[in-house]
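Asker: Just to be clear, the model below is a prediction. Sequence and coordinates:
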Amino acid sequence: MAVIDERDDEQSFGDWFIHGSRKKAEKKKLDKEQKKGMSESELDIQKQIEEQIKAQDASQKPVTQAGEQVQQPVVQNTPGQQTSIQVTIQKPASLQSLQQIKQSVQVQEQPRKNEKKIILKRPSKYPKFILSRPKLNAISNDAKEATYPLISPYAYAEIKDDGGMLYYKVIEPVIDDEEKKALDKLKIALIHFIDIPMTSVKEERELVEFLEEKVQWLLEETDIYVDEKSYTKIMYYLYRDFVGLNCLESLLRDPYIEDIACDGTGVNLYAIHQRFGTLRTNITFEDEDELKEFVVKLSQRCNRYVSYAEPMLDGSLPDGTRVNATLARDVTSRGPTFSIRKFRDKPFSPIEMIGFHTVDPDLLAYLWIVIENGSNVLLCGGTGTGKTSLLNSICMFMPEEAKVVSIEDTRELRLNHENWLPAVARMGFGGTKTGEVTMFDLLKESFRQNPNYIIVGEVRGEEAAVMFQAMASGMTAMSTMHAGSADDALKRLQTRPISLPPTLMETLDVLIVMTHAYEKGPSARRIKEIAEIQDVDANTSKVNINRVFAWDPVNDKYFHNEAKLLKEIAMKKGYSEGYMAQEFENRKKVIEWLASKQLDWKIVTDYFTEYRRNKDKVMKIISGQLPGLGEQVKSQETSVQEAKTEQNAQSIETPKIVQEIINQPKSNVTKIVSEDKQLSAGNIS
């Protein structure tokens, strides 16, 4: 239960921050402007109204229409019968202005019947506000409905059938009118009294503690009375709206949600679920101003600028979540919109991709050899087909000592690589070109950083020409672009706005095409094909390709053809074809063995690194002759601990009687022990 004492007490701190000196100053200024042009009699009536309203403790809400009756309950501080004030204001029909009120105010007191007396009492100590991240059980692929926690114990997700269509419902604590009033007042106070930016605190735990400290201080200093049950509910909503992203915080906490879309005001949000596909949610922005404020909040969290003059937003949240939004109604006719694409905290390893049937061991063994030996790779596909996720995965095949430079307009890559320089493009200041840093600028600058690998997030225009020039100069580059097939990708590269000459196509080694296979599941992604660029016909400028792998959608398997690029790599490195074939089989065995284990992505990367350092050791591990890398680490830690224990034991002074036992023959041990009853056999051992 929450109760707000609305007394007009000049000494009350709550009255100061709720009604505030600022509001009083604004009211005086407004009154002064309204009184301009009024006669002396009108000023007298206005003064009389103000005095009577103040004397009777009437509502401070402005009267908008003459003749209306405004009835406001008031909690008085005196014991006995509580009263309500009814104010009736009448306006003559001859007056045309709201400022020209010339009628007196009639005040009537009416007793409230059958009303219980409210005792205002604060708890001696508020409960600790604790948030926990629940451990979720995996949802089976054949499940029709599901219910699971999002922010325990406050928010839950309920997915059920609603008229033939699955419906995603976010369940949150229900607050009554009094709790809503207390929540609104606390929000206003926190905005005025929080003296540091919320984004300056990086740890969520510290941020929650800071917020809770401020809330409890305000509750002690103001006239807002909240009991223990109401306190936890109000703290949840304060946390959600100040620390989190308002009503979307629960959705963003759902590990199964991949995409969230808002198409405007009055339209239910839609979310893409890994198990159930596209779902209609119970979240709606009914007020356009509220939606505008939320888009502005998104831009602030993305550290970007959005306004009516610059209504488009493209950025990423601190956790890497991709955000695209619009602010103005004349750009999107339904009102402000936004689209949020989530990314995992931990990238998918290549081994996990096998479990998703996105790749198979032969395909990964091929990519392992190709990427490790510095081939140029371009990943293609439509929106949301998994290009960036696959790029993150196959980057684990790069040598550990290689210098990597990534260039993106919005940060999405998460590489498990120490020698990595991530670069991000920057917008100009104030919507101008001043201070702007484009991907083209970053790509040119990267040539001076002596990278072994250049990764460009996505090529669309002039940066593609620079990247292909880098390939032609001997650098290794990887990138993504939007295209539905290998042929479409080659056509895009040769036409506007990229407009590459056909001769530069030969610098590209491998084209990987991704697709979203909805028929295999809501979140199923597949590599549609992998093509090797062979050469360019000098007469027709046609690019000849060799399709090494192709996906069979009927059987959900991959066709394998001869990989000519592996022969070229063997020739450059001085290997025989037999050696390269054996190398391919060895790496395939390693991948199959890793796929049979439940290993973390970092340990998987360690195996790839160890294979380059000591191939024979890894082959012995998978054959069972040696323990695994994780087991070896544990064994080494145990040995170190045992050595420390032995060293500590040697440094401890041996008691005299024990020393005598050690120095005596075995036949005398029992005798010595019997002479000292304080020493037991257990102590000796």
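Answerer: In hand now; what should we look at?
Asker: Which secondary structure element is home to Leu207?
Answerer: Using DSSP states H and E, Leu207 maps to helix 204-221.
Asker: could you pull out the helices for the stretch 251-400 of the chain?
Answerer: Secondary structure of the stretch 251-400 of the chain by DSSP state H, counting those that start in this stretch: the helices cover 288-301, 350-355, 361-372, 387-394.
Asker: Only the buried residues of the helix holding Leu207, if you could.
Answerer: 207-208, 210-212, 214-216, 218-219 (16 or more other CB atoms under 10 Å). In short, each C-beta sits where N, CA and C put it, glycine included.
Asker: Sort out which one of the residues you listed lies nearest Arg133 for me.
Answerer: Lowest distance from Arg133 to the buried residues of helix 204-221 (CB to CB) belongs to Val208, with 12.8 Å.
Asker: on that earlier part again, mind giving me the packing neighbours of the helix holding Leu207?
Answerer: helix 177-193, helix 228-238 (3 or more CB pairs under 8 Å, 6 or more residues apart in numbering; DSSP states H and E).
Asker: Could you look up the next helix or strand downstream of that helix?
Answerer: Scanning forward in sequence from helix 204-221 by DSSP H and E, the next helix or strand is strand 224-226.
Asker: Show the contacting residues for the nearest residue to Val405 once chain neighbours are set aside.
Answerer: The spatially closest residue to Val405, leaving aside those adjacent along the chain, is Pro451, at 4.2 Å (CB to CB, 6 or more residues apart in numbering). Taking CB atoms under 8 Å, 6 or more residues apart in numbering, we find Pro451 in contact with 403-405, 421, 475.
Asker: Pull out the buried residues from the residues you listed.
Answerer: For the contacts of Pro451, buried by 16+ other CB under 10 Å: 404-405, 475.
Asker: so where's the stretch 301-450 of the chain shaky on pLDDT?
Answerer: 430-431 (pLDDT under 70).
Asker: At which residues are the strands of it located?
Answerer: Taking DSSP state E, counting those that start in this stretch as the criterion, the stretch 301-450 of the chain carries its strands at 312-316, 322-326, 337-341, 377-381, 404-408, 420-424.
Asker: of all those, which lies closest to Glu506?
Answerer: Among the strands of the stretch 301-450 of the chain, strand 377-381 comes nearest to Glu506, with 13.2 Å by CB to CB.
Asker: what bits of this protein have low per-residue confidence?
Answerer: 1-122, 197-201, 430-431, 630-685.
Asker: CA atoms of the longest strand along it as PDB?
Answerer: Across the chain, the longest stretch assigned as strand under DSSP state E is strand 525-536. Provided in PDB are the C-alpha atoms of strand 525-536 (Å, rounded to 0.1, in the frame of the first residue of the first chain):
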ATOM      1  CA  ARG A 525      20.200 -21.000 -40.800                       C
ATOM      2  CA  ARG A 526      22.200 -22.900 -43.500                       C
ATOM      3  CA  ILE A 527      25.100 -22.200 -45.700                       C
ATOM      4  CA  LYS A 528      23.500 -22.300 -49.100                       C
ATOM      5  CA  GLU A 529      26.700 -22.700 -51.100                       C
ATOM      6  CA  ILE A 530      30.400 -22.100 -51.000                       C
ATOM      7  CA  ALA A 531      32.000 -21.000 -54.300                       C
ATOM      8  CA  GLU A 532      35.700 -20.500 -55.300                       C
ATOM      9  CA  ILE A 533      36.600 -17.700 -57.700                       C
ATOM     10  CA  GLN A 534      38.600 -19.300 -60.400                       C
ATOM     11  CA  ASP A 535      39.300 -16.700 -63.100                       C
ATOM     12  CA  VAL A 536      37.800 -14.000 -65.300                       C
END
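Asker: Can you mark which positions in that strand are buried?
Answerer: 525-533, 536.
Asker: again with stretch 583-591
Answerer: Those would be 583-584, 586-591, for stretch 583-591 by 16+ other CB under 10 Å.
Asker: residues making contact with stretch 543-550?
Answerer: Stretch 543-550 is contacted by residues 362-363, 366, 486, 490, 502, 505, 511, 527-537, 558-565 when judged by CB under 8 Å, 6+ apart.
Asker: buried residues in that stretch?
Answerer: 543, 545, 548-550.
Asker: got those as TSV, with distance to Ile498 columns?
Answerer: Shown next, in TSV, are those (distance: CB to CB, whole Å):
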residue	distance to Ile498
Val543	14
Ile545	18
Val548	25
Phe549	26
Ala550	26
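Asker: quick one on the thing from earlier: reformat the contacts of Pro451 as CSV; add distance to Ile188.
Answerer: Formatted as CSV, the contacts of Pro451 follow (distance: CB to CB, whole Å):
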residue, distance to Ile188
Lys403, 52
Val404, 49
Val405, 48
Leu421, 45
Met475, 56
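Asker: what's the farthest-apart pair in those?
Answerer: Comparing every pair within the contacts of Pro451 by CB to CB identifies Leu421 and Met475 as the most remote, at 14.2 Å.
Asker: how far away is Pro149 from Pro134?
Answerer: 4 Å (CB to CB, to the nearest Å).
Asker: Please identify which of those two sits among more neighbours.
Answerer: Using other CB atoms under 10 Å, the more surrounded residue of Pro149 and Pro134 is Pro149, with 19 against 13.
Asker: Could you list everything the more buried one pairs with in the sheet?
Answerer: Tyr156 (DSSP bridges).
Asker: roughly how far apart are it and Ile369?
Answerer: Distance from Pro149 to Ile369, by CB to CB: 44 Å.
Asker: contacting residues around Phe276?
Answerer: By CB under 8 Å, 6+ apart, the neighbours of Phe276 are 146, 159, 166, 522.
Asker: Tell me, how many residues neighbour Val295?
Answerer: For Val295, the neighbour count with other CB under 10 Å is 23.
Asker: so it touches Gly335, yeah?
Answerer: No - between Val295 and Gly335 there is no contact under CB atoms under 8 Å: 9.8 Å.
Asker: what are the phi and psi angles of Arg414?
Answerer: Arg414 adopts backbone torsions of phi -130, psi 90, taken as degrees, to the nearest 10.
Asker: To Val437, which of the helices and strands packed on helix 204-221 lies closest?
Answerer: helix 177-193 (33.7 Å).
Asker: For that closest one, what is the distance to the chain centroid?
Answerer: On the basis of CA atoms, centre = their mean, to the nearest Å, helix 177-193 sits 27 Å off its chain's mean C-alpha point.
Asker: Return the set of buried residues in stretch 565-578.
Answerer: Applying 16+ other CB under 10 Å to stretch 565-578 flags 565-566, 569-570, 575 as buried.
Asker: er, stretch 335-349 I mean
Answerer: Result for stretch 335-349 [16+ other CB under 10 Å]: buried residues 335-338, 340-343, 347-349.
Asker: that older thread, mind putting the buried residues of stretch 565-578 into CSV with secondary structure?
Answerer: Formatted as CSV, the buried residues of stretch 565-578 follow (DSSP: H, G, I helix; E, B strand; the rest coil):
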residue, secondary structure
Leu565, helix
Leu566, helix
Ile569, helix
Ala570, helix
Tyr575, coil
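Asker: from those residues, which is closest to Asp177?
Answerer: The closest of the buried residues of stretch 565-578, once distances to Asp177 are taken by CB to CB, is Leu565, at 69.7 Å.
Asker: Quick check: the closest residue to Arg587 other than its chain neighbours vs Leu599, distance?
Answerer: The shortest distance from Arg587 to any non-neighbouring residue, by CB to CB, 6+ apart, is to Ala365 (4.3 Å). Distance, Ala365 to Leu599, using CB to CB: 17 Å.
Asker: Check Leu211 too.
Answerer: For Leu211, the distance to Leu599 - CB to CB - is 39 Å.
Asker: Please parse the chain into its domains.
Answerer: 35-111, 146-341, 358-598, 653-685 (automatic domain parsing).
Asker: The ones you listed: which one's closest to Arg613?
Answerer: Arg613 lies closest to domain 358-598 among these, at 8.8 Å (CB to CB).
Asker: if we can go back for a sec, mind listing which of the buried residues of stretch 583-591 are in helices?
Answerer: If you go by DSSP state H, the buried residues of stretch 583-591 have 583-584, 586-591 in helices.
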